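Q: Generate coordinates for the sequence data below:
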Amino acid sequence: MQHDPTRTSSVFLLCERRPSLTSTCSTPPQNFAEMLPTEISMKIFGELDAESLCSASLTCKLWHHLIEESSQLWRRQCLLVRAVCQREVDSDRRDGLSWKVTLVRNYTRCCLKRDWLRGRYSHVRSAEELNGRKMTPLDTETWGEILQAELDR
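A: Purely as a prediction, here's the structure:
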């Protein structure tokens, strides 16, 4: 398909109808968050996992602002972590920590605990097999859950 220089791009038409906060019609919008209503952008960001959400927040100032200011995005991710680390997440929330801080504090712990409970480390023969894996301190109750899961296998 050849480019037709007489056709007006859809991005230009959108900009012409509704200028964004950060761009003018003389320059096309840089990304979807400049063109779409905030609610739609938040739905798109809501489809990301925790790591992708953190990466997206580093993309540009607008994305950073939208993501950092959305308690709902962090809450959703934190509730996924809570499925594995309920006690830890509930404790942090009782202590008044924000959803984002609670997620950051418990994300690595959740991944490690989930791997242990799934048996990923059931047959480790040497420390070299663990190289490159993120490890984090776990409390005695968590170790008790892990040991019980190992005994049940």
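Q: contacts for the helix or strand containing Cys111?
A: Following DSSP states H and E, one finds Cys111 within helix 99-117. Here helix 99-117 makes contact (CB atoms under 8 Å, 6 or more residues apart in numbering) with 50, 68, 71, 74-75, 77-78, 81, 84-85, 88-89, 92-93, 97, 121, 134-136, 138, 142, 145-146, 149. In short, each C-beta sits where N, CA and C put it, glycine included.
Q: Using CSV, write out the CA atom coordinates for the helix or strand following it.
A: The element immediately downstream of helix 99-117 (helix or strand, assigned by DSSP H and E) is helix 140-152. Below are the C-alpha coordinates for helix 140-152, written out as CSV (Å, rounded to 0.1, in the frame of the first residue of the first chain):
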residue,chain,number,x,y,z
THR,A,140,8.9,-17.9,60.3
GLU,A,141,5.3,-18.3,59.4
THR,A,142,6.1,-18.2,55.7
TRP,A,143,8.8,-20.8,56.2
GLY,A,144,6.3,-22.9,58.1
GLU,A,145,4.0,-22.7,55.1
ILE,A,146,6.8,-23.6,52.7
LEU,A,147,8.0,-26.6,54.8
GLN,A,148,4.4,-27.9,55.1
ALA,A,149,4.1,-27.7,51.3
GLU,A,150,7.3,-29.6,50.9
LEU,A,151,6.1,-32.3,53.4
ASP,A,152,2.8,-32.6,51.5
